[in-house]
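Chemist: when you get a sec, could you give me coordinates for this:
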Amino acid sequence: MKQKILLIGGPTAVGKTSFGIKCAKLFDGEIISADCEQIYKTLDIGSAKASKEEQSQAKHHLLDIKNPTEEFSVAEFKNLASKIIDDLTNKNKLPIVVGGTGLYMQALLFPYSFCSSTKDDKIRQKYSKILDEKGKDYLFAMLEKVDPESAKVLHKNDTKRVIRALEIFEQTGKKKSEQQENIKSEYDYKLIFLNDDRKSLYDRINYRVEKMMNDGLEQEVKNVISSGVSFDNQSMQGIGYREFRDYFDGKINKKQLIEKIQQDSRNYAKRQITWFKHRPNCIEVNISSLAEIENALNNIKDWIKEK
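Modeler: Residues are numbered from 1 along each chain as shown. So this is what the prediction gives:
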């Protein structure tokens, strides 16, 4: 019998954390974070990490497991999350994977996608040279041409994963999406995709960025940088952190910084929505509709009862 796992995804600022906690309480579950920034210690405000009060309401896993100077791969997430799922299943707890990093969820459900292809240093060096000589925009355009599906969920600044996607395509001759056709997951999973109308979502994003700044995001970034972390580290490639490079260099003012983080967050939300809309076994839920939320919770309840 396949293990059951509940996944809660959606765009940034839509309310995944609170919905995940609600599900953990209702269905006796624990939360596994699927967020590429929340794994890092001290990156709390910019990553919108669950607060201590929120964490006290439901047990969270894979938060604060890496120092900001360390790298973290999709394959590493898959391995760690799989072990936690096994442990929770053995304790009759429902594993609830919550986050907006679609590649993490994809690797967990269909681990062959980014994890099974072997590394090829020669190919990787070739694309690294292209990056150095022609820049990240040119490199990203190469990915958009050969694998537009991967390009929709990656950011051009995330050059390591862009290179990895190009490497996989060159090795196999197939897009990642093509490799995934007709493959079933090893889990009995249900994916709840939280969404909202575009204006409401953008308002949420803009407000949250302003709140982050008021809560001390600038000081958080200063503390991280002063501890020896570089803007070239993987941890600082995330939205809400990378934008500070130009601000600290005096290229933009604080108003422009806030607008840049808001714009990058809105653009990321669009890519997240596109990715989640095309996932199988996905139930889209308007977070502003009490009726849709109730229907989703009933759907989850019925699914849990299924043998």
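Chemist: tell me the confidence at Ile163?
Modeler: According to the prediction, Ile163 has pLDDT 91.
Chemist: am I right that it is in a strand?
Modeler: No: looking at Ile163 with DSSP: H, G, I helix; E, B strand; the rest coil, it is helix, so not inside a strand.
Chemist: any idea how far the residue nearest to it when sequence neighbours are not counted lies from Lys52?
Modeler: Setting aside the residues directly before and after it, Ile163 is nearest to Tyr127 in space (C-beta to C-beta, 6 or more residues apart in numbering), at 4.5 Å. To be clear about C-beta, it is placed using only N, CA and C from the backbone, and glycine gets the same treatment. According to C-beta to C-beta, to the nearest Å, Tyr127 stands 41 Å off from Lys52.
Chemist: dump whatever helix or strand Leu103 lives in to CSV, restricted to CA.
Modeler: Assigned by DSSP states H and E, Leu103 belongs to helix 102-109. Presented in CSV, the C-alpha positions along helix 102-109 are these (Å, rounded to 0.1, in the frame of the first residue of the first chain):
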residue,chain,number,x,y,z
GLY,A,102,7.7,23.2,-7.1
LEU,A,103,10.9,21.4,-7.9
TYR,A,104,11.2,20.1,-4.4
MET,A,105,7.7,18.6,-4.6
GLN,A,106,8.4,17.2,-8.1
ALA,A,107,11.6,15.5,-6.9
LEU,A,108,9.7,14.0,-4.0
LEU,A,109,6.8,12.7,-6.1
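Chemist: other residues contacting stretch 16-33?
Modeler: Contact with stretch 16-33 is made by 6, 8-10, 39, 48, 50, 54, 57-63, 81, 84-85, 88, 92-100, 192, 194, 287, 293, 297, 300-301, 304, as judged by C-beta atoms under 8 Å, 6 or more residues apart in numbering.
Chemist: wait, doesn't Leu80 sit right on Leu62?
Modeler: Yes: shown here, Leu80 and Leu62 form a contact pair, counting by C-beta atoms under 8 Å, at 6.3 Å.
Chemist: more crowded one of those two?
Modeler: A count of neighbours by other C-beta atoms under 10 Å puts Leu62 above the other of Leu80 and Leu62, at 21 against 17.
Chemist: could I get the pLDDT score of Ala48?
Modeler: Value for Ala48, per-residue pLDDT: 96.
Chemist: so it sits in a strand?
Modeler: No: with three-state DSSP as the criterion, Ala48 is coil rather than part of a strand.
Chemist: so it makes contact with Thr12?
Modeler: Yes: with contact defined as C-beta under 8 Å, Ala48 reaches Thr12; the gap is 7.4 Å.
Chemist: follow-up on the earlier one: Tyr127 and Lys52 - which one has more neighbours?
Modeler: Just comparing Tyr127 and Lys52: by other C-beta under 10 Å the higher neighbour count belongs to Tyr127, 20 against 8.
Chemist: let me know the secondary structure of the more buried one.
Modeler: Using three-state DSSP, the structure places Tyr127 in helix.
Chemist: if I look at it, how far off is Glu170?
Modeler: Relative to Glu170, and taking C-beta to C-beta, Tyr127 is found at 9 Å.
Chemist: do the same with Ile293
Modeler: Per C-beta to C-beta, Ile293 is found 44 Å from Glu170.
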